[in-house]
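In: need a structure here:
(3 chains)
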Amino acid sequence: MGVAAAATLDYDAELMLRVKEGDGASFGVLLEKHRTSVIHFIYRLVAEQAVAEELAQEVFLRVYRSRSSYEATAKFRTWLFRIATHMALNWLRDQKHERGQEHLDEGTADLPARQISDRRPSVEQKLVREAELREVRQAVAALPAKQRAAVLMHKYEEMEYTQIAKVLGCSDSAVKSLLFRAYETLRARLAHMEAT
Amino acid sequence: MPFDFTRRMPLGFGLAILLGVAAAAPSRCQQQPDRPTAQAQPAANAIDRWNRMSPEDRERELAKLPPARARLIRERIWRYNHMQPAEQQALRQRYQTFSQLSPDEQQTVRERLRELRQLPAARRPIVHREVQQLRLLPDAQRQARINGDEFRSRFSPQEQQIIRDLTTYIPN
Amino acid sequence: MNCPIEDRHPEILVAYAAGELEREIARALERHLADCAACRPVVAGQTAVWKALDTWEAPPVSPDFDRRLYRRIEEGARLSWWERFTRPFRPMPLRQALPLTASAGLLLMAALLVYHPGPIAPVAAQREAVRANQVENALDDLDLLRQLGTADSTEGGHPDAL
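Out: Here you go, the predicted structure:
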């Protein structure tokens, strides 16, 4: 019975406990497993790849440096994304709003006439796709930071409400409410893309 | 002259500790008996030693390889580290037995295991089951069974060789 | 007219649009959607949102991400060791530092007597490096030896080969 219970312990938390005991290899395994999803999550939050990688480095540095005080009170991934979310939200808060808007506004000007007049379907399709992608990014970026984080965790990290709640430090019902409002907003902005 | 505690206390304290410890420490002629370990663990294998290296040293090693090969090694180590503990323990024990064989014997075991893997799908589980059952038997019974007519009639010469060698070199 | 599902449990519609509902529940919801003018546009809109979000691929991670991280870990470890070593002695006058240093040395000798009765192994032997090809060979052998585990492992190689 005890063995079965131990088997259900979050394996990543076990690895982190080994890191706590000085096993550097387990840190490498955790990094390999979670590096990409953390970077992608932060990227979609802050919308800048270089910043996302820098913040992700800080996240893993913090994980490594806090190894001696680590306690497996939650799933490792929950703890990891809590650090990543706080890091990214703090960065967003510290940046000027106009800076973020300027970055996202890049390329939203009307398409250059010479490209619009280009009759090659593949180029046109490519431009339409790029425009749609910009719309998606802008729609998500326009969400309040916590709603944005909740959507990204729900959609791209496939986290359940309870886990998102633990990451954001709120209740399950608060997460439901965040997601409800976020998706309502996104539906309003992106539903026209249904026909494409 | 007043006694200067800040200068003399630390030295005196240190000397007292040293003398006390020297008196209590066993002489070199009198070795402390090895403490029995609670559980006999297989000796560290190359992967265990790899896991104990620092992340920087491991990355330095992997950086010498083509990226695809380095990535594959990382994934394989990840799978090894993520095995169920009981299965990993059994595998490490088996590997330790294997590691203690001579190079020629190790090569023989590798060849037999590859042959086992390449047996026709219908025969593989039968041969595997025979290997498992024989490994559970004491040596004498195992030999009697392998030398028996029934064994020879059930298995082809190649299969007999696979079973014989694997049960000889990796008996349990 | 408000629908209780759309009003109180919109997450069911979101999950349905994402294809996450169990088949039985999805079928029951589909029967509901056939008659519900409130829920249908929500599902249609949410499906469009999921499709749109699916198009958003993140750029690939820099190939030197790990190397940069480990360098920072290494630098951090060196600094903190040095800081720990030098901090206690910085403001201390020599006449106080010397006796303390001497007594620390004596304590160290005492510790060595108790815990290191034999010769100390050279540092190189304590940090035994393993070559990547050694690990690879070990993995190959372990993969072969794993066949001797469960019966299932013989079916075309172990499903989770190392």
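In: where does chain C dip in pLDDT?
Out: Scanning chain C for pLDDT under 70 picks out the ranges C:1, C:77-105, C:108, C:110-128, C:150-161.
In: near chain A, which residues of it?
Out: Residues of chain C lying near chain A by CB under 8 Å from any CB of the partner chain: C:10-11, C:14, C:42, C:44-53, C:55-56, C:58-59, C:61-62, C:65-66, C:68-69, C:72-73, C:76. The way it works is simple: take the backbone N, C-alpha and C, and place the C-beta from them, glycine included.
In: element containing the closest residue to chain B within chain A?
Out: Using CB to the nearest CB, A:Ala25 is the residue of chain A that sits closest to chain B, at 3.5 Å. Element membership of A:Ala25, judged by DSSP states H and E, is helix A:24-46.
In: list the buried ones in that helix?
Out: Neighbour counts using 16 or more other CB atoms under 10 Å in any protein chain shown place A:24-31, A:33-35, A:37-46 of helix A:24-46 among the buried residues.
In: packing partners of the helix or strand that comes right after it?
Out: Toward the C-terminus, helix A:24-46 is succeeded by helix A:49-65 as the next helix or strand (DSSP H and E). Secondary-structure packing of helix A:49-65 (3 or more CB pairs under 8 Å, 6 or more residues apart in numbering or on different chains; DSSP states H and E): helix A:24-46, helix A:76-94, helix C:65-86.
In: what's the neighbour count on A:Ala52?
Out: For A:Ala52, the neighbour count with other CB atoms under 10 Å in any protein chain shown is 25.
In: check whether it really touches A:Ile42, as I assumed.
Out: Yes - counting by CB atoms under 8 Å, A:Ala52 touches A:Ile42, with 4.3 Å between them.
In: residue ranges in chain B under the pLDDT threshold?
Out: Residues of chain B that meet the cut-off, pLDDT under 70, sit at B:1-43, B:172.
In: could you pull out the strands for it?
Out: Counting by DSSP state E, chain B has no strands at all.
In: picking up where we left off before, right, is the helix holding A:Ala25 up against chain C?
Out: Yes - Helix A:24-46 lies within reach of chain C by CB under 8 Å from any CB, at A:Leu31, A:Arg35, A:Thr36, A:Ile39, A:His40, A:Tyr43, A:Arg44.
In: can you narrow those residues to ones near chain B?
Out: Checking those against chain B (CB under 8 Å from any CB), the matches are A:Leu31.
In: and the residues of helix A:24-46 next to chain C as a markdown table, adding pLDDT?
Out: Formatted as a markdown table, the residues of helix A:24-46 next to chain C follow (pLDDT from 0 to 100):
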| residue | pLDDT |
| --- | --- |
| A:Leu31 | 91 |
| A:Arg35 | 94 |
| A:Thr36 | 93 |
| A:Ile39 | 96 |
| A:His40 | 95 |
| A:Tyr43 | 94 |
| A:Arg44 | 94 |
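In: ok, the residues of helix A:24-46 next to chain C vs B:Asp165, which is closest?
Out: Checking the residues of helix A:24-46 next to chain C against B:Asp165 with CB to CB, the nearest one is A:Leu31 at 41.2 Å.
In: returning to that earlier point: my guess is the residue of chain A closest to chain B contacts B:Asp48, does it?
Out: No - assessed by CB under 8 Å, A:Ala25 is found out of contact with B:Asp48, at 9.1 Å.
In: quick check: domain ranges of chain A?
Out: What automatic domain parsing lists as the domains of chain A is A:1-95, A:98-140, A:143-196.
In: comparing those domains by mean pLDDT, which bottoms out?
Out: With a mean of 61, domain A:98-140 has the lowest mean pLDDT of these.
In: contact partners for C:Leu142?
Out: Shown in contact with C:Leu142 (CB atoms under 8 Å, 6 or more residues apart in numbering or on different chains): B:Ile47, B:Tyr80, B:Leu91, B:Tyr95, C:Leu162.
In: B:Glu56 reaches C:Glu75, doesn't it?
Out: No - here B:Glu56 does not reach C:Glu75: they are 10.5 Å apart, not a contact under CB under 8 Å.
In: between the two, point out the one with more neighbours.
Out: B:Glu56 (16 against 10).
In: tell me who's in contact with the one residue in chain B that gets nearest to chain A.
Out: Residue of chain B nearest chain A, by CB to the nearest CB: B:Asn51 (3.5 Å). Contact analysis of B:Asn51 by CB under 8 Å, 6+ apart lists A:Asp23, A:Ala25, A:Ser26, B:Ile77, B:Asn81.
In: one more time with 10 Å
Out: Neighbour list for B:Asn51: A:18, A:23-26, A:28-29, B:44-45, B:58, B:77, B:80-81, C:130, C:135 [criterion: CB atoms under 10 Å, 6 or more residues apart in numbering or on different chains].
In: chain B contacts on chain A?
Out: Residues of chain A that fall close to chain B, judged by CB under 10 Å from any CB of the partner chain: A:3, A:6-7, A:11-12, A:14-15, A:18-19, A:22-33, A:64.
In: residue ranges for the helices of chain B, please.
Out: Taking DSSP state H as the test, the helices found in chain B are B:5-24, B:46-52, B:55-62, B:67-81, B:85-99, B:103-118, B:124-136, B:139-146, B:149-154, B:157-169.
In: quick one: which of these is nearest C:Cys3?
Out: Closest of these to C:Cys3 is helix B:67-81, at 47.1 Å (criterion: CB to CB).
In: and B:Arg145, which of the domains of chain A is closest to it?
Out: Nearest of the domains of chain A to B:Arg145, taken as CB to CB: domain A:1-95 at 33.4 Å.
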